[in-house]
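Visitor: need the 3D shape of this:
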Amino acid sequence: MKKVFFLSASMLLVLLTYSACKKEVSYEIDPNSLYSRLGGIDAISAVTDQFLANVAADNAINARFAATVANPARLELLRNNLIDQLCEAAGGPCKYKGKNMRDAHKGMNITQAEFNALVADLVAALDKFKVPQKEKSELLGILGPMQSDIVGQ
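Guide: Numbering: from 1, shown residues only. A predicted model of the protein is given here:
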């Protein structure tokens, strides 16, 4: 059953990767911004796809995402929201349109251990793409304060 779940999740991620559309940029991007140093939207999208694959394979937290992975529309929305959130946080042209983190995680009672597992899955995705330590630390520093709006809500 776990193999079927993982294979289904992996296939959905592959399909979403190929169906993703590029975001148009209507202004100049600072070449020194974290967004630029990370490699722009294509790199952020690739890291997000790897991150979601890592989460799907992570037995510590993948049950939390089972309903999302089982629904292609929900999975695509999650993927796009993550891309937009990372892109905007890094100073890119994207605008995150999802719920704030407190509302998105309300009633989920996410534990510190689950949050740590999710962060480890993101770090593993960043490492796979050889994101330099400076950029990795900067991105995690931007995302870290969200922890209080996610854990224990």
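Visitor: which stretch of helix or strand covers the residue nearest to Val47 when sequence neighbours are not counted?
Guide: Using C-beta to C-beta, 6 or more residues apart in numbering and skipping residues adjacent in sequence, the residue nearest Val47 is Ala125, 5.0 Å away. All C-beta atoms are positioned from the backbone trio N, CA, C, and that covers glycine. Secondary structure assigned from DSSP states H and E places Ala125 in helix 112-128.
Visitor: is it true that Cys94 lies in a helix?
Guide: No: membership of Cys94 in a helix is not supported by DSSP: H, G, I helix; E, B strand; the rest coil, which gives coil.
Visitor: surely it meets Asn80?
Guide: No: in this structure, Cys94 is not within contact of Asn80 by C-beta atoms under 8 Å, at 9.4 Å.
Visitor: packing partners of the helix holding Ala125?
Guide: helix 40-57, helix 133-143 (3 or more C-beta pairs under 8 Å, 6 or more residues apart in numbering; DSSP states H and E).
Visitor: now the phi/psi pair for Pro31, please.
Guide: phi -70, psi -10 (degrees, to the nearest 10).
Visitor: wait, I meant Asn32
Guide: The phi/psi pair for Asn32 (degrees, to the nearest 10) is phi -100, psi 0.
Visitor: and stretch 144-153, end to end?
Guide: 16 Å (C-alpha to C-alpha, to the nearest Å).
Visitor: stretch 64-77 now?
Guide: Start-to-end, stretch 64-77 (C-alpha to C-alpha) is 16 Å.
Visitor: show me what counts as buried in it.
Guide: 65, 68-69, 75-76 (16 or more other C-beta atoms under 10 Å).
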